[in-house]
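Asks: the sequence isn't on hand, but the structure is:
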């Protein structure tokens, strides 16, 4: 039974209690309401529990940004021994991760990457070579041995 069904059942029990004419009926309705409320509380507690997530970020700038944002929200990023430096572990509620932390991170990360790319292109153009475009893609040539 999901939370919505439990809430509906609780309303029905409330209506039953309101229409109860004897103390026994009222006690039965009250006890049933307490059992349903306990199930609702347990479901809400389970839904709000923190889970462990693993994030892998190849870009060092993105990793630093993510760690700083997690700490700003009172979370403690970590990694286990023998995990790569690019790995960040985090214990967080799924709802907070999906609705707050990750969207905020993606927006800031996109902005940061765009800025760093522009700075990199400008530095390369001014100090190394004006053409910093990608290398051309060529068809593979097969070497035939005789």
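Replies: Yep, that arrived. No experiment lies behind these values; they were computed from the predicted model shown.

Asks: how many neighbours does residue 92 have?
Replies: 20 (other Cβ atoms under 10 Å). Quick note: C-beta positions are derived from backbone N, CA and C, even for glycine.

Asks: repeat that for residue 29.
Replies: A total of 19 residues lie near residue 29 under the criterion other Cβ under 10 Å.

Asks: this structure: helices as residue ranges?
Replies: 3-19, 23-47, 60-72, 94-96, 102-127 (DSSP state H).

Asks: which residue is the nearest non-sequential neighbour of residue 94?
Replies: Nearest residue to residue 94, sequence neighbours excluded (Cβ to Cβ, 6 or more residues apart in numbering): residue 51, at 5.9 Å.

Asks: related to what we said a few turns ago, from the helices of the chain, which stretch is densest packed?
Replies: helix 60-72 (a mean of 16; mean count of other Cβ atoms under 10 Å).

Asks: still on that earlier bit, pLDDT at the residue nearest to residue 94, what is it?
Replies: We have a pLDDT of 90 for residue 51.

Asks: no further questions, thank you.
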